[in-house]
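1. sequence plus the predicted model coming up.
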Amino acid sequence: MNKEWDLSPLYTGIDTEKFQNDLQSAVRTVAEYNAFAAALPEDRAAGLRRGLELQEKLYALAGPMFEYCSLRSAVNTSDGEALDAMSRLQKLFSDSSAADAAFKAYVGKTENLEELIAADPFLGDYAYLLRTTKDDARYVLDEKVEEALAKMNLSGGSAWENLQAYLSSTVEAEYRGEKMNLSAVRNLAYDPDPAVRKDAYDAEIACYDKIKDAVAFSLNSLKQQVTTECELRGAGSPLEMTLRRSRMQKSTLDAMIQAIEEYLPVFWKYLRAKAKLLGYEGGLKWWDLFAPMGKNTATYTVEDAKKYLDEHFRPFAPDMADMMMHAFDDAWIDFYPHPGKVGGAFCANIASIKQSRVLTNFDGSFSDIVTLAHELGHAYHGMMIENHRPLNLDYSMPVAETASTFNETVVMNAALDEAADKEVKLGLLESQLQDTTQIMCDIMSRYWFETAVFEKAKEGFAFADELCEMMKQAQKRGYGDGLDPDTLHPYMWVCKSHYYSSGLSFYNFPYAFGGLFAAGLYAQYRREGQAFLPKYRALLKATTVASVEDVAKMADIDLGDVNFWRSSLEIFKARVEMFLELAECN
């Protein structure tokens, strides 16, 4: 079985005829789009159609080239050829920023938009896009300003993002006299030996001192750029802009956070119980957050992971299991950590070839199987939307984590249901609670930290030590007395790439949303059985053409009702109580 992914369905090289031909086609299409936008027709129906057709053409050209370069650089952040091509692509497509702004304003000023949508099936396919574009037109600046912002971002936000990715993927940690990359040393947090976990934590924390100042400049500069752009657009705040781009109401976020804050002590109780099982009282040490428990300390090969996922997902959704097997067999997945490869995991949906590519840093723990289930949930989501029109392929942040977290729930609950041995069940349950605690306690700490960083960006620069203190305060708020306050992770802001995007702020609360929304959906599946699947597939398909709230209504869920979120959290509370009973910590 492959260890690395195969990008040849996209391109076999940047200097190949195919890539270069697509690049030249893109140059011509950008020029054509700019000429169109410079003389928008009075015939609105014809103008809307032509503008969308040109955008479709640009999307079809840009998507594969960007994905190819991005995926190459993800596994080798020193890939100069890929980074150079990415830079040239960003510059090329930034040349269409003024045209984009002009077309958005054109849509915004189309008074009879609904009439035109009703009269033309092509425009009807883009009804949601056109309506949201018209609504967002108030935040679009003059086309020359939009063009300038896009071009400045190349040497601004995009460059700062690349710097963080490069530094965090190439920094070396010294673990027991051996040089290791950051991903490898962070993976030791799952080791069954407590001394290994503690030494790995110390090595990780020490290595951040080499890069903390440079990454602090990245974070400050990005957040100041986003704040400035919000002010220019009159968007109110970065959070308000994020919610608008997420197609999500503030009332939904408020209801979710209210419920989470009410239930945080439940997760703190679990953390204290885990500490007791590990032999000490009080809050859990940070380096023991991912300590394996019970008999679930086995290691797994990639072949084991493939078999496990097939066995647990085929009874739920055969089409998903088939897709997973394709992912393993057809080299969709880049599995193992190595120097220069970015940390963590992600899935890239590639609509042009109706496939996905998944990056993991597989180390053989059960958590790695859960990670694969999570990322392949994204791939399944991509499969559900792949037949939409090209401009209807992007789902918003909150629903982006729904299918992935649903998959985690499926695999973990199936494993728990099958476990007969008490120690095996304890290990599985603890693994699930590890992940749940991350999307509740840790995600809330990240949300509060990012909020604090944006507040600081209004008044000045936060140096590395101040950012560390802000992170510790956020972690104390999120983890409460569940963690030992003297063993936190002050440098979590350095290694988490989610903070480093000028176009994607607050990529934290969507994980909590996905976990709780998925729990509610999974409860429906348990009640309805196979009759739930058509509804689930339709819901995923609708995520790119409807608001978050309207998607939820397809499952009869009111996201503004705090009781929905409480009902999902009750499911996790029951898991904590089961853990306490098995661990005899009640």
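-> In hand now; what should we look at? Numbers count the residues shown, from 1 in each chain.
2. residues of whatever helix or strand D435 lives in that come out buried?
-> Using DSSP states H and E, D435 sits within helix 422-437. Buried residues in helix 422-437, counted by 16 or more other C-beta atoms under 10 Å: 424-437. C-beta here means a position set from N, CA and C on the backbone, and glycine is covered the same way.
3. after that helix comes which helix or strand?
-> Heading C-terminal from helix 422-437 (DSSP H and E), you reach helix 443-457.
4. which strands or helices does that following helix pack on?
-> helix 212-233, helix 238-246, helix 250-277, helix 464-479, helix 492-495, helix 509-528 (3 or more C-beta pairs under 8 Å, 6 or more residues apart in numbering; DSSP states H and E).
5. report the contact partners of M86.
-> F66, C69, S70, S73 (C-beta atoms under 8 Å, 6 or more residues apart in numbering).
6. please save the CA atoms from the one helix or strand R88 maps to in PDB.
-> In the assignment (DSSP H and E), R88 maps to helix 80-94. Output of helix 80-94 as PDB, limited to C-alpha atoms (Å, rounded to 0.1, in the frame of the first residue of the first chain):
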ATOM      1  CA  GLY A  80      10.700  25.900  -4.000                       C
ATOM      2  CA  GLU A  81       9.100  25.100  -7.400                       C
ATOM      3  CA  ALA A  82       5.700  24.600  -5.900                       C
ATOM      4  CA  LEU A  83       5.900  27.700  -3.700                       C
ATOM      5  CA  ASP A  84       7.100  29.800  -6.700                       C
ATOM      6  CA  ALA A  85       4.200  28.500  -8.800                       C
ATOM      7  CA  MET A  86       1.700  29.200  -6.000                       C
ATOM      8  CA  SER A  87       3.000  32.700  -5.700                       C
ATOM      9  CA  ARG A  88       2.600  33.300  -9.500                       C
ATOM     10  CA  LEU A  89      -0.900  31.800  -9.400                       C
ATOM     11  CA  GLN A  90      -1.900  34.100  -6.500                       C
ATOM     12  CA  LYS A  91      -0.600  37.100  -8.400                       C
ATOM     13  CA  LEU A  92      -2.400  36.000 -11.600                       C
ATOM     14  CA  PHE A  93      -5.700  35.600 -10.000                       C
ATOM     15  CA  SER A  94      -5.300  38.700  -7.800                       C
END
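7. ok, L23 - how many residues close by?
-> Applying other C-beta atoms under 10 Å, we find 16 other residues in the vicinity of L23.
8. tell me the SS of it?
-> When classified by DSSP: H, G, I helix; E, B strand; the rest coil, L23 comes out as helix.
9. which strand or helix spans the nearest residue to it once chain neighbours are set aside?
-> Distances taken as C-beta to C-beta, 6 or more residues apart in numbering put M65 closest to L23, at 6.8 Å, once the chain neighbours are dropped. Under the criterion of DSSP H and E, M65 resides in helix 44-75.
10. what comes up buried for that helix?
-> Going by neighbour count (16+ other C-beta under 10 Å), the buried part of helix 44-75 is 44-45, 47-52, 54-55, 57-69, 71-75.
11. give the helix, strand or coil label for V358.
-> Per three-state DSSP, the secondary structure class of V358 is strand.
12. low-confidence ranges in the stretch 251-400 of the chain?
-> Residues of the stretch 251-400 of the chain meeting the criterion pLDDT under 70: 296-297.
13. quick one: the strands in it, in order.
-> Ranges of strands in the stretch 251-400 of the chain, per DSSP state E, counting those that start in this stretch, are 333-334, 346-350, 355-359.
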